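In: what's the 3D shape of this:
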Amino acid sequence: MTIRVWFKFFITLLAIGALATVVTSFFVFTQAYEPYLDPFNAWELLGVVLWYTGYGLVYSVIAQMGFFAYLTLHQFGKGFFGYFWKHAQVIMIFFTLFELVYLRYHQDAGPDGFWPYLVAPILLAIFAYAIAKIKAKETHPRAFLPALFFMIVVTTLEWIPSLRTGDTDWIVLMVVPLLACNTYQLLKLHRIVGFTNPEDKKEAKTT
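Out: The predicted structure is shown next:
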């Protein structure tokens, strides 16, 4: 990856993070916009948009740091654990999903029990599974587990600052741009480095 390609990658992710955060803020922090919509106040409204854009830029940088840290961790894991690295990833995936329920429930147990705390892990797992399937289809079946690990474990680690607040609005505001950025990074990297699915090469030779 050249400096020029990396810079374009970096700027694109900043834009994705900012846009995803601003759009999400319209839904989870509607009260921040309402005073400037009726009556309409363009300057004040722009200030609110820029405020959440700043958060989006920070979330994007966190996602990028997490991605490059994951690439290092993955190589280290393969070298240290060898064949058992895939088993370690499976254990960490289940442990992370369990902690998303257990820790949040004990941090702020509500009257409805632990059932509401299952929503976030389930939605995250479903989304991560779909992205991992796409990654495996576009590259190689072996890429499925690392992609699933990245989308669940790494995203959750990046998400911790908002999870600690216990505030649902801030939790949603942060996870949406994180998932948007991580999805882009995961599905874009193999295109940048020029990796293609071996099965596609075989099909091309037979046609």
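In: Quick check: buried residues in the helix or strand where residue 68 lies?
Out: Counting by DSSP states H and E, the element that carries residue 68 is helix 42-81. For helix 42-81, the neighbour count (16 or more other C-beta atoms under 10 Å) marks 48-49, 52-53, 55-60, 62-64, 66-67, 70, 74, 77 as buried. Just so you know, the C-beta spots here come from the backbone N, C-alpha and C atoms, and that holds for glycine as well.
In: How many residues are close by residue 39?
Out: 6 (other C-beta atoms under 10 Å).
In: Distance-wise, check it relative to residue 29.
Out: Distance, residue 39 to residue 29, using C-beta to C-beta, to the nearest Å: 20 Å.
In: Repeat that for residue 97.
Out: Distance from residue 97 to residue 29, by C-beta to C-beta: 27 Å.
In: show me where pLDDT drops low in the chain?
Out: Per-residue confidence for the chain (pLDDT under 70) gives these ranges: 1, 105-114, 195-207.
In: In it, which residue is most central in space?
Out: When C-alpha atoms, centre = their mean is applied to the chain, the residue found nearest the centroid is residue 179 (2.6 Å).
In: Contact partners for it?
Out: 127, 151, 155 (C-beta atoms under 8 Å, 6 or more residues apart in numbering).
In: likewise residue 132?
Out: By C-beta under 8 Å, 6+ apart, residue 132 lies in contact with 143, 144, 145, 147, 148, 151.
In: so how many other residues sit close to residue 161?
Out: 13.
In: And the helix or strand that contains it, what's buried?
Out: Residue 161 is part of helix 155-165, with elements assigned from DSSP H and E. Across helix 155-165, burial judged by 16+ other C-beta under 10 Å covers 155, 156, 158, 159, 162, 163.
In: And stretch 122-141, by the same measure?
Out: 124, 125, 127, 128, 131, 132, 134, 135, 136, 139.
In: Stretch 181-197 now?
Out: In stretch 181-197, counting by 16+ other C-beta under 10 Å, buried: 181, 182, 183, 184, 185, 186, 189, 190, 197.
In: gap between that stretch and the chain center?
Out: The chain centre lies 14 Å from the centre of stretch 181-197; the measure is C-alpha atoms, centre = their mean, to the nearest Å.
In: what's the answer for stretch 136-147, then?
Out: On C-alpha atoms, centre = their mean, the centre of stretch 136-147 falls 17 Å from the chain's centre.
In: Name the surrounding residues that touch it.
Out: With C-beta under 8 Å, 6+ apart, stretch 136-147 has contacts from 74, 86, 89-90, 128, 131-133, 135, 186-187, 190, 195, 197-198.
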